[in-house]
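A.B. asks: sequence-free structure coming up:
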């Protein structure tokens, strides 16, 4: 825990110092970020994108919020487990040995600890329930009292404890009414459950379940956010006409590649920070979410975030080059995001049900949906290494084709101003 | 290194419209050349063609006899008609960035940005975002961006549009200085009086082809001679109406504006005026560029 906090503080201070250095007037401009040795046009264009994005508050505030949510999701369950307070059980009258055994068994069943507190009367127990000093009260072994009615769907420790205790004491009373001996009653109450044999492997519940959900949310949020940046960035360069100045010096493909590379590097830096933070913190506090196939799921999530971004960034860049107004961007953004939303919703549903359908396995080989489907299959342990590699190769090959098509559209559309450029026009025209 | 830009037979159509129609002209070194034409004449299309921003159906652009490619274009400076700057970027960084895209080192780009922003009077806005500047100051930033890498050829589309007289003087002074140091300057404008004051040469195009080109002096003194004559005893200019080869174009306040035919000698007109009375004014008038322009594109 201590090292995780130190690491985060050092990273934040380093970013802060770097941003301050950028603001200070200087005699010479330092080479752009860590791209120093690379002085190519693409590197310069990428460096500008990185600088402008890091300068924006959206990224910094968004990252801090995400880290806060992750910290809460990892730390709170651990703290909750280690600091759970015992149930205060008041009792009026005598508690038999059998009842004591049933109270202990019910607490164990609910995962609760408890403390027995003698009360002089039912009225005193009632007043302590009202003041919160007691969580429940057993009156003469016949009646259980709680302050607030318990819903059947309530899954809190207190609710589970009360429900188990009420059920077990009821059974004990029924056994006593049946007139069987104490040893017979004890044998009935301590009966061993039947062995259950499963014909199929069970669903991947937590911790892999949690990691899959976490990974899907990260991929969805980052693909949506960073592709929208590309869409907006290309549109703004076109609407501000700066693209005409830039293309007088560099080729369209260089400008496009520099933009998607720069924004992509910011995306991967943020993803690395988030995943690294989650790993460090989880390890430091001894969270259980990194067990089983969870590390492989996280690694697959990161890889598919890269592949997903590489595929979608070209699509969004080409789309951005056809528009030059905010309302036109909005009309484009939703249809473009449909495959992302579809992949995300399908994957979340699959994780929730715990088993992958045949259709879902097909989606894991389609580049638009593979970034969501494949990491889930990895989490389920239902994919071999060569299936994983085959899907990645399909995605990379598709990305190359999409990039070529997108750069062609971009080259033809980016200097056409005045009205939205239709795809049909771009296909029918051979030149600018 | 001073050079010569040559356009040879540029042609480009947009549907049925011939934006450029076998257009050819030369922009010499160390000159400020005005590029004129009515709206839709093809000026912006020509400039875009020089920078390879559109494909030509025919023709070639050369620099010192070599086809203009990306490496050569990087030695050119460009200021498009619809200004192109990143609204959210800092002024100084914007100019540096444009300099670096033209093969400047980081240190040289920083120094050039500092120098030009200072010279154009906006050094105090170096750390401001472009979008917070007035139109005129954004225009200066745009010019600084085009000049940062000390271009051998400077092409400006409507650089004077929207500027106040002080801004026009500042940019005009910069253009004159650049030309005198060997830079080739071509700029378009509809402000013909400023073009006349600023330019060494003028190129006028219409409907995508060349109409007339030459030095400002050549254009001003070409064509019919023009005289303004005042004869105190004949304030209606009747004395001139009878002269052969002379047309009275206008009479105002006793001044008669005369257009002389090709064969008519101004000295003969002077003698005729003196015979008609006391000549209190006799001026041989140069043609204004606006007149040359109107005659050329009608």
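C.D. replies: Good, I have the coordinates. Remember, predicted model here, so these are calculated numbers, not experimental data.

A.B. asks: centre-most residue in chain B?
C.D. replies: residue B:34 (2.0 Å; Cα atoms, centre = their mean).

A.B. asks: ok so that residue is a strand residue?
C.D. replies: Yes: assessed with DSSP: H, G, I helix; E, B strand; the rest coil, residue B:34 lies in a strand.

A.B. asks: how about it, what does it touch?
C.D. replies: Residue B:34 sits next to B:187-189, B:195-196, B:198-199, B:201-203 when contact means Cβ atoms under 8 Å, 6 or more residues apart in numbering or on different chains. For the C-beta atoms, the positions are set from N, CA and C on the backbone; glycine is no exception.

A.B. asks: 10 Å - rerun?
C.D. replies: B:185-189, B:191-192, B:194-196, B:198-204, B:216, B:289, B:293 (Cβ atoms under 10 Å, 6 or more residues apart in numbering or on different chains).

A.B. asks: tell me the domain ranges of chain B?
C.D. replies: B:5-220, B:223-286 (automatic domain parsing).

A.B. asks: just the terminal-to-terminal distance for the last one.
C.D. replies: Using Cα to Cα, to the nearest Å, the span of domain B:223-286 from its first residue to its last is 10 Å.

A.B. asks: how far away is residue B:29 from residue A:239?
C.D. replies: Applying Cβ to Cβ, to the nearest Å, the value for residue B:29 to residue A:239 is 36 Å.

A.B. asks: looking at the contacts of residue B:34, which are in strands?
C.D. replies: Among the contacts of residue B:34, the residues falling in strands (DSSP state E) are B:185-188, B:201-204.

A.B. asks: so can I have a markdown table of these showing pLDDT?
C.D. replies: Formatted as a markdown table, the ones in strands among the contacts of residue B:34 follow (pLDDT from 0 to 100):
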| residue | pLDDT |
| --- | --- |
| B:185 | 93 |
| B:186 | 94 |
| B:187 | 92 |
| B:188 | 92 |
| B:201 | 91 |
| B:202 | 92 |
| B:203 | 93 |
| B:204 | 92 |
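
A.B. asks: between the residues you listed, which is closest to chain A?
C.D. replies: Proximity of the ones in strands among the contacts of residue B:34 to chain A (Cβ to the nearest Cβ) peaks at residue B:186, which lies at 13.9 Å.

A.B. asks: isn't that closest one up against residue B:31?
C.D. replies: Yes: counting by Cβ atoms under 10 Å, residue B:31 is a contact partner of residue B:186 at 8.9 Å.

A.B. asks: give the contact list for residue A:167.
C.D. replies: A:102, A:106, A:109.

A.B. asks: please identify the helix or strand for it.
C.D. replies: helix A:157-178 (DSSP states H and E).

A.B. asks: and what of residue A:335?
C.D. replies: Residue A:335 belongs to helix A:326-353, assigned by DSSP H and E.

A.B. asks: before we move on, what about residue A:112?
C.D. replies: Applying DSSP H and E, one finds residue A:112 in no helix or strand.

A.B. asks: coming back round to it: can I get the contacts of residue A:167 in CSV with distance to chain B?
C.D. replies: Listed next are the contacts of residue A:167 as CSV, based on distance: Cβ to the nearest Cβ, whole Å:
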residue, distance to chain B
A:102, 69
A:106, 63
A:109, 61
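
A.B. asks: okay, and which of those residues map to helices?
C.D. replies: A:102, A:106, A:109 (DSSP state H).

A.B. asks: ok, the last one touching residue A:162?
C.D. replies: Spelled out, that is residue A:109. No: using Cβ under 10 Å, residue A:109 makes no contact with residue A:162, being 11.4 Å away.

A.B. asks: how many residues are close by the closest residue to residue A:325 other than its chain neighbours?
C.D. replies: With Cβ to Cβ, 6 or more residues apart in numbering or on different chains as the criterion, residue A:325 has its nearest non-adjacent residue at 6.8 Å, and that residue is residue A:239. By other Cβ atoms under 10 Å in any protein chain shown, the residues close to residue A:239 number 18.

A.B. asks: other SSEs contacting the lengthiest helix in chain A?
C.D. replies: Taking DSSP H as the criterion, chain A has its longest helix at helix A:252-285. Judged by 3 or more Cβ pairs under 10 Å, 6 or more residues apart in numbering or on different chains; DSSP states H and E, helix A:252-285 is in contact with helix A:2-23, helix A:41-55, helix A:57-82, helix A:208-239, helix A:242-247, helix A:294-320, helix A:385-413.

A.B. asks: ok, which stretches of chain B are helices?
C.D. replies: B:43-50, B:70-73, B:91-100, B:106-119, B:135-147, B:165-180, B:192-198, B:216-221, B:238-241, B:266-276, B:289-297.

A.B. asks: so which of those comes closest to residue A:42?
C.D. replies: Of all those, the one in closest proximity to residue A:42, counting by Cβ to Cβ, is helix B:91-100 (12.6 Å).

A.B. asks: how far does that closest one sit from the chain's center?
C.D. replies: Relative to its parent chain, helix B:91-100 has a centroid offset of 27 Å by Cα atoms, centre = their mean, to the nearest Å.

A.B. asks: just to revisit the earlier point, by pLDDT, give me the weakest of the contacts of residue A:167.
C.D. replies: Ranked by pLDDT, the contacts of residue A:167 bottom out at residue A:109, which scores 80.

A.B. asks: so what's that one closest to, chain neighbours aside?
C.D. replies: residue A:164 (4.5 Å).

A.B. asks: cool, and residue A:50?
C.D. replies: That would be residue A:262: by Cβ to Cβ, 6+ apart, it lies 4.9 Å from residue A:50.

A.B. asks: circling back: separate out the buried members of the contacts of residue A:167.
C.D. replies: A:102, A:106 (16 or more other Cβ atoms under 10 Å in any protein chain shown).

A.B. asks: closest to residue B:40 among the contacts of residue A:167?
C.D. replies: For the contacts of residue A:167, the nearest to residue B:40 is residue A:109 (86.2 Å; Cβ to Cβ).

A.B. asks: for the closest one, what are its contacts?
C.D. replies: Contacts of residue A:109 (Cβ under 10 Å, 6+ apart): A:160-161, A:163-165, A:167-168.

A.B. asks: recalculate using a threshold of 8 Å.
C.D. replies: Counted by Cβ under 8 Å, 6+ apart, residue A:109 has contacts A:160-161, A:164.

A.B. asks: for residue A:275, same thing?
C.D. replies: Contacts of residue A:275 by Cβ under 8 Å, 6+ apart are A:218, A:298, A:301-302.

A.B. asks: by neighbours, which of those wins?
C.D. replies: residue A:301 (27 neighbours).

A.B. asks: so it sits against residue A:219, correct?
C.D. replies: Yes: using Cβ atoms under 8 Å, residue A:301 is in contact with residue A:219, at 6.2 Å.

A.B. asks: show me what from chain B comes close to chain A.
C.D. replies: With Cβ under 8 Å from any Cβ of the partner chain as the criterion, chain B comes near chain A at residues B:48, B:51-55, B:70, B:73-74, B:76, B:78-80, B:82-89, B:96-98, B:100-102, B:106-107, B:109-110, B:126-127, B:142, B:145-146.

A.B. asks: of those residues, just the buried ones, PyMOL syntax please.
C.D. replies: Buried members of the residues of chain B next to chain A, defined by 16+ other Cβ under 10 Å, are picked up in PyMOL with:
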select buried, chain B and resi 48+51+52+53+73+74+76+78+79+80+83+84+85+86+89+96+97+98+100+101+102+106+109+110+126+142+145+146
